[in-house]
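Asks: Sequence first, predicted coordinates after that:
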Amino acid sequence: MDWAVILAGGSGLRFWPLSSPTRPKQLLPLAGARSSAEDTLDRLAGFIPAARTLIVAGAGLAALLSERLGIDPANLLIEPRAASTGPALLWASWEIRRRDPAAAILAMHADWVVGDSAAFVSTAASALEAARAHDRLVTVGIVPSRPETGYGYIVPGEPLDRGARSVLRFAEKPDAGTALDLMAEGALWNSGLFAWTADRLLAEINAHTPELARELPRLEAGDVDGFFAAVPATSIDVALLERSERVAVVPGHFDWDDLGTWEALARVRPRDRQGNIAVGQVVLHDASDCIVWSDRLPIVVSGVEDIVVVEANGRILVMARSQAAELKRVLETLPAAIRDLPV
């Protein structure tokens with residue numbers, strides 16, 4: 001049967017001060033009235049049932065996710081420690097195989113914005129079919145709409161059947177010129193949407209990722225805490241996909257955004273005639289191309305352009321839109337009394 005894994009950890013520091021450990025990015029209505037986590041579950045409805053959907057998150061989010069998303073506690077996997085996507089997806093795949101030895105798995109993040117749910121489901125179904133037919137790890141590559149420097153890229157190789165191609169190589173986040181070269185080469189954005197059978201994932205981990213494979217006996221013994229204490233924090237891309245020769249890619253023809261910064265709201269929120277995005281109690285006067293978010297207090301913005309203004313959790317952020325990608329680095333320089341948000 002088909003199963004889904006949704007990675008729902010993290011607080012999304014790049015959306016400070018709105019996002020916080022108890023109000024994480026994936027549970028915020030950043031792109032519309034509903035959160036991306038709620039939209040993710042809705043997108044799967046009718047395709048992979050909730051009974052075969054596991055959600056992976058840290059202990060601090062477990063109760064909140066269960067309440068907001070109506071998750072069966074048996075399908076909530078609570079990470080003892082945040083260790084990136086490699087250990088999380090290995091644990092989830094191992095657990096699914098324990099429940100269903102013949103399972104095929106679709107893995108995704110809870111904080112994406114997807115513009116066409118029908119196209120997403122169609123592509124996901126193709127990826128699952130390719131994973132079974134070719135016995136490979138399959139990643140979905142989004143057809144680029146711009147030379148994005150914030151995403152990794154996948155360069156496809158030889159065609160396979162069922163719409164898949166082998167993967168020639170992965171490319172890390174490029175500069176603007178390299179991004180244009182990659183697009184000309186036919187490269188796709190590395191979305192982080194994956195499909196594989198549980199057996200193939202575990203076989204590839206055993207073959208190529210000894211730093212995770214050697215800790216599998218802990219999972220088999222039921223020692224999840226010991227597994228997470230022992231494994232290194234590593235992404236599934238670095239730990240496995242860039243090492244394995246059994247990786248394929250299926251193109252995705254749908255709008256997709258991982259909402260990495262405040263700047264991303266310009267791609268998913270409607271703008272006024274002056275290019276502004278305003279959420280909450282916001283008054284704009286002689287302002288253009290601004291992103292303004294008020295969580296509680298009225299904000300008046302006048303005579304400026306290309307800035308981000310956010311009021312939330314007793315903090316106010318004002319920054320140039322061009323610096324939105326640097327917010328995480330800025331936060332590292334702040335005193336804890338300012339940076340750390342009230343629980």
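Replies: Great, that's in hand.
Asks: Show me this structure divided up by domain.
Replies: Residue ranges for the domains of the chain, per automatic domain parsing: 2-257, 262-339.
Asks: can I get the ones you listed in CSV with mean neighbour count and mean pLDDT?
Replies: Any C-beta I mention is one placed from the backbone N, CA and C, and that applies to glycine too. Below are the domains of the chain laid out as CSV (neighbours: other C-beta atoms under 10 Å; pLDDT from 0 to 100):
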stretch, mean neighbour count, mean pLDDT
domain 2-257, 19, 94
domain 262-339, 15, 96
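Asks: For the stretch 51-200 of the chain, just list every one of the helices.
Replies: Counting by DSSP state H, counting those that start in this stretch, the stretch 51-200 of the chain has helices at residues 59-69, 85-99, 117-134, 176-184, 198-208.
Asks: will you turn these into CSV that also has distance to Asp286?
Replies: Shown next, in CSV, are those (distance: least, C-beta to C-beta, whole Å):
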stretch, distance to Asp286
helix 59-69, 39
helix 85-99, 45
helix 117-134, 39
helix 176-184, 31
helix 198-208, 55
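Asks: Can you say which of the ones you listed is nearest to Ala278?
Replies: Among the helices of the stretch 51-200 of the chain, helix 59-69 comes nearest to Ala278, with 25.4 Å by C-beta to C-beta.
Asks: So which residues make contact with the closest one?
Replies: Contacts to helix 59-69, defined as C-beta atoms under 8 Å, 6 or more residues apart in numbering, come from residues 8-9, 21-22, 24, 27, 35, 37-38, 41, 55, 57, 71, 73, 76, 78-80.
Asks: helices or strands up against the helix or strand hosting Trp293?
Replies: Secondary structure from DSSP states H and E places Trp293 in strand 291-294. Applying 3 or more C-beta pairs under 8 Å, 6 or more residues apart in numbering; DSSP states H and E, we find strand 291-294 packed against helix 265-268, strand 277-279, strand 282-285, strand 307-312.
Asks: strands paired with that strand, and their directions?
Replies: strand 277-279 (parallel), strand 307-312 (parallel) (DSSP bridges).
Asks: follow-up on the earlier one: would you list the helices and strands packed on strand 291-294 in CSV and tack on distance to Leu334?
Replies: Formatted as CSV, these follow (distance: least, C-beta to C-beta, whole Å):
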stretch, distance to Leu334
helix 265-268, 22
strand 277-279, 24
strand 282-285, 25
strand 307-312, 14
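Asks: who's Thr53 bridged to?
Replies: Ala4.
Asks: Same list (the strands paired with strand 291-294) but as TSV, adding distance to Val292.
Replies: Listed next are these as TSV, based on distance: least, C-beta to C-beta, whole Å:
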stretch	distance to Val292
strand 277-279	5
strand 307-312	5
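Asks: so which of those comes closest to Arg329?
Replies: strand 307-312 (15.1 Å).
Asks: ok now that closest one, how far from the chain's centre?
Replies: Its chain's C-alpha centre lies 23 Å from the corresponding centre of strand 307-312 when counted by C-alpha atoms, centre = their mean, to the nearest Å.
Asks: and after that strand, which helix or strand comes next?
Replies: With DSSP H and E setting the assignment, the helix or strand that follows strand 307-312 is strand 315-320.
Asks: Tell me which stretches of the stretch 101-250 of the chain form strands.
Replies: 104-109, 113-114, 137-142, 153-159, 165-171, 188-197, 247-252 (DSSP state E, counting those that start in this stretch).
Asks: any chance of these in TSV, with distance to Gly314 too?
Replies: Shown next, in TSV, are the strands of the stretch 101-250 of the chain (distance: least, C-beta to C-beta, whole Å):
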stretch	distance to Gly314
strand 104-109	29
strand 113-114	27
strand 137-142	37
strand 153-159	40
strand 165-171	41
strand 188-197	33
strand 247-252	40
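Asks: Could I get the contacting residues of the most centrally placed residue in the chain?
Replies: Nearest to the geometric centre of the chain sits His109, at 3.7 Å (C-alpha atoms, centre = their mean). Neighbouring residues of His109 by C-beta under 8 Å, 6+ apart: 6-8, 26, 40, 192, 258.
Asks: which of the residues you listed lies closest to Val238?
Replies: When those are ranked by distance to Val238 (C-beta to C-beta), Gly192 comes first, at 12.7 Å.
Asks: returning to that earlier point: identify whichever of the strands of the stretch 101-250 of the chain lies nearest to Leu341.
Replies: That would be strand 104-109 among those, by C-beta to C-beta, at 22.3 Å.
Asks: Out of the contacts of His109, which sit inside strands?
Replies: Per DSSP state E, strands hold the following members of these: 6-7, 192.
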